[in-house]
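**Student:** Need a 3D model of the following:
(4 chains)
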There are 2 protein chains.
Amino acid sequence: MGNQFGSIIKKLRAAKSLLQRQVASQLEMDTPMLSKIERGERRAKKEQLVLFATILEADPEYLLTLWLADQITEIVQHEALALKAMQVAEDEVKYQLTKKMNS
Amino acid sequence: MGNQFGSIIKKLRAAKSLLQRQVASQLEMDTPMLSKIERGERRAKKEQLVLFATILEADPEYLLTLWLADQITEIVQHEALALKAMQVAEDEVKYQLTKKMNS
DNA sequence: TTATATTTGTCAGAAATTGGCAAGTCAATA
DNA sequence: TATTGACTTGCCAATTTCTGACAAATATAA
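**Tutor:** Here you go, the predicted model:
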């Protein structure tokens, strides 16, 4: 249950003393939807991240990082090989980056 | 295009001089499906990994690692924040592991 | 060519995801 | 204790994505 993105946006919202109703309306969603996003039951759409950042005065890159990290965690959680898989993926991404550099 | 899992099982199959037809039949899939898995166009089902390992005489944990890594790579590829997101996810997984230890 | 191996394209059915609403819980307070 | 407001839960239909299967195209080799 729960994820990092949801926990953070909930915390940021509380820090600004905003109600779900107020944030949700700006995002054009209802409060049940926002509630679910905050509790990690649903995932925000990528296009909504910038708006979240604006409303909550957060760094959009920070939110995107958490949003991506949650998806990774979801894949490997409960896996004994989680850390190994992440290491392999990291190596692959780095390799792709060097390939991109030389082109 | 292409992923690590697919490339490896294709290489292993070639090393054993097996045809797609021979491997596919044991997995109860047709050769177009296996072809797509080898080229990363489709993903093997998790339940098939052990059978892949048996047929190709590979370490099942190795194949599972690649299979998981591919999914991570898919999420973060094309993302400038890929490495940062993976780091955050890794921290989270490690944290969950310590939490699990003390329970 | 002919045969065999692999890849590509397509598609209907299955499965997962989505957005939205109704109803529920919970806490504060009148 | 009744009411109000904030949030959560449960459910569902519509949409989207995924899956397996097949036919056809392409490649490889004899």
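
**Student:** Quick check: the gap between the residue positioned nearest the centre of chain A and B:Ala89.
**Tutor:** In chain A, the residue lying closest to the centroid (Cα atoms, centre = their mean) is A:Trp67, at 1.5 Å. Note on A:Trp67: its distance to B:Ala89, by Cβ to Cβ, to the nearest Å, is 11 Å. For the C-beta atoms, the positions are set from N, CA and C on the backbone; glycine is no exception.

**Student:** Same check on A:Val88?
**Tutor:** On the measure of Cβ to Cβ, A:Val88 and B:Ala89 end up 13 Å apart.

**Student:** can you check A:Glu79 too?
**Tutor:** 12 Å.

**Student:** In terms of neighbours, single out the busier of these two.
**Tutor:** When A:Glu79 is set against B:Ala89 and neighbours are counted by other Cβ atoms under 10 Å in any protein chain shown, the residue ahead is B:Ala89, at 29 against 15.

**Student:** tell me which element the more buried one falls in.
**Tutor:** If you go by DSSP states H and E, B:Ala89 is part of helix B:82-101.

**Student:** Run the angle between that helix and helix A:82-101 for me.
**Tutor:** For helix B:82-101 against helix A:82-101, the angle by axes from the mean of the first three to the mean of the last three Cα atoms, to 10 degrees is 180 degrees.

**Student:** Give me the buried positions along helix B:82-101.
**Tutor:** Buried residues in helix B:82-101, counted by 16 or more other Cβ atoms under 10 Å in any protein chain shown: B:82, B:84-86, B:88-90, B:92-93.

**Student:** As CSV, those residues with pLDDT and distance to DNA strand D would be great.
**Tutor:** Output for those, formatted as CSV (pLDDT from 0 to 100; distance: Cβ to the nearest atom of the strand, whole Å):
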residue, pLDDT, distance to DNA strand D
B:Ala82, 98, 19
B:Lys84, 98, 24
B:Ala85, 98, 19
B:Met86, 98, 20
B:Val88, 98, 23
B:Ala89, 98, 19
B:Glu90, 98, 24
B:Glu92, 97, 21
B:Val93, 97, 23
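
**Student:** got a pLDDT number for A:Asp100?
**Tutor:** Slight slip there: residue A:100 is Lys, not Asp. Looking at A:Lys100, its pLDDT stands at 81.

**Student:** Enumerate every residue touching the closest residue to A:Lys10 other than its chain neighbours.
**Tutor:** In this structure, A:Lys10 finds its nearest non-sequential neighbour in A:Glu38, 4.2 Å apart by Cβ to Cβ, 6 or more residues apart in numbering or on different chains. A:Glu38 is in contact with A:6-7, A:9-10, A:13, A:20, counting by Cβ atoms under 8 Å, 6 or more residues apart in numbering or on different chains.

**Student:** Just flag the most distant two among these.
**Tutor:** Comparing all pairs in those by Cβ to Cβ, the longest separation belongs to A:Ser7 and A:Gln20, at 14.5 Å.

**Student:** neighbour count winner among these two?
**Tutor:** Each of A:Ser7 and A:Gln20 has its neighbours counted (other Cβ under 10 Å); A:Gln20 has more, 18 against 15.
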